[in-house]
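A.B. asks: pasted the sequence and its predicted model underneath.
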Amino acid sequence: MLNTDNNRHLINILQLDLLNWFKTAKRNLPFRQTKDPYSIWISEIMAQQTQIDTLIPYYNRFIDRFPDVISLAAASEDDVIKAWEGLGYYSRARNLHQAAKMIVADSNGIFPNRFDQLIKLPGIGPYTGGAIASIAFNEKVSAVDGNVLRVISRYCNSFDDIGAAKTKKSMTQWIESILPAAAGDFNEALMELGALVCTPQSPKCLLCPIRCGCQSFSSGTTDQIPVKKKKQKQITKKMEVGIVKQNGGLFFIRRPESGLLSGMWSFPIAETAAGNGNDIKKKLGDYFPALSDPVFIGESRHVFSHIIWEMTVYGFNLAGMVGETADIPYAQTAADVSEDQTGRTQFKPLSAVDDLALPIAFSKLLTLIKDF
DNA sequence: TAACCGTGGAC
DNA sequence: TGTCCAAGGTT
């Protein structure tokens, strides 16, 4: 990090020129039209590990559906998750809902207005707490995200690993030592510069408002900074998906309350070694005593942050089951479903699948199975 | 500390 | 197609 006493002019550039640039260059984003802490909170949670352009339609829909912390707290978790469908990292939505209920229960719906209160809420860590506190309440705290780590590393020509906790800590302290009164604007300006100009690849240095103070630009090291450990690549898992159809209804299972895609709806799915459809048929035996042999439908591949599913999709028909009658069109047919699975399965016709919060891994199978 | 936790965009 | 990675938090 630069010594702030010996480099006063470099600090001035970072503060003044960056803020001036931000006034005219900042994007016109929906959550920049307000200082409402609730709206800023929603936008910051959605922005975690998500590009801004991706979240904008989600943000507008979410605020329309849950305009304040009261309405969010009063909603069902299913409705909140459904509003999050497609955004990923679904624990963000569950934490959001939990935090809303806490705010209503503990402080009558009054939004916490200080950093140290905000980070006590589930889903709000150092970055998000700093962002809300500085942007909505202009508290003098930093909001250090990936953009800020990259911008400051380059500006100071720092080769410290930005993934290391001690780097984040020293960077946070350094920024707070130079934080101007307009803390929220400054935090946003650093992020905006990182998103628009000081990009990870091919930074647009010739357009950069603080280029003349940038120590990696003058050293020719912008392409080596930031230093970051490579993350290990995903492991591949062979999976079998079972499509069970009854009277036009498709069989869905709610996933467990923890782990990957927790609480979301899914088609029955099982890891397999053989890949002949019998592993998923065995799992389906927990629900249905009699099933047809698996019928190959198709294949699909889905990439998560740390896992790749190579899915083979099989169709099954029920044979001689209770509930295959017109007057009980989508009934749960298995009599011996274990108690912990009660209410966690259902049949849905293809036309009504949109009622369920379905992860992309499964919703992209719908075209595959439409003719089954 | 490092694994876990989704999805889509950019190149 | 492969690779990186994005306004991170939790455990």
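C.D. replies: On my side now, so go ahead.
A.B. asks: going forward, measure contacts and count neighbours with C-alpha atoms only.
C.D. replies: OK.
A.B. asks: domain ranges for chain A?
C.D. replies: Annotated domains of chain A cover A:8-224, A:235-369 [automatic domain parsing].
A.B. asks: confirm that A:Tyr314 sits in a helix.
C.D. replies: No: A:Tyr314 is assigned strand when assessed by DSSP: H, G, I helix; E, B strand; the rest coil, not a helix.
A.B. asks: contacting residues around it?
C.D. replies: Contacts for A:Tyr314 (Cα atoms under 8 Å, 6 or more residues apart in numbering) come out as A:240-243, A:277, A:294-298.
A.B. asks: distance to DNA strand C and mean pLDDT added to the domains of chain A, as a markdown table?
C.D. replies: Below are these laid out as a markdown table (distance: least, Cα to the nearest atom of the strand, whole Å; pLDDT from 0 to 100):
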| stretch | distance to DNA strand C | mean pLDDT |
| --- | --- | --- |
| domain A:8-224 | 3 | 97 |
| domain A:235-369 | 6 | 84 |
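A.B. asks: end-to-end on stretch A:105-116?
C.D. replies: End-to-end distance for stretch A:105-116, by Cα to Cα, to the nearest Å: 19 Å.
A.B. asks: ramachandran angles for the residue nearest to A:Trp265 when sequence neighbours are not counted?
C.D. replies: With sequence-adjacent residues excluded and distances taken as Cα to Cα, 6 or more residues apart in numbering, A:Trp265 is closest to A:Arg254, at 4.3 Å. As for A:Arg254, its main-chain torsions (degrees, to the nearest 10) stand at phi -80, psi 130.
A.B. asks: can you get me a residue count around A:Arg254?
C.D. replies: When counting by other Cα atoms under 10 Å, one arrives at 21 neighbours for A:Arg254.
A.B. asks: so it makes contact with A:Arg344?
C.D. replies: Yes: counting by Cα atoms under 8 Å, A:Arg344 is a contact partner of A:Arg254 at 5.0 Å.
A.B. asks: sorry, back to before: residue contacts, the residue nearest to A:Trp265?
C.D. replies: By Cα under 8 Å, 6+ apart, A:Arg254 lies in contact with A:263-266, A:344-345.
A.B. asks: for chain A, what's the longest helix?
C.D. replies: For chain A, the helix that runs over the most residues, judged by DSSP state H, is helix A:91-107.
A.B. asks: next one: it to chain centre, how far?
C.D. replies: 17 Å (Cα atoms, centre = their mean, to the nearest Å).
A.B. asks: could you do stretch A:68-85 as well?
C.D. replies: 16 Å.
A.B. asks: now the helices for the stretch 151-300 of chain A?
C.D. replies: A:165-178, A:183-196, A:215-219, A:278-284 (DSSP state H, counting those that start in this stretch).
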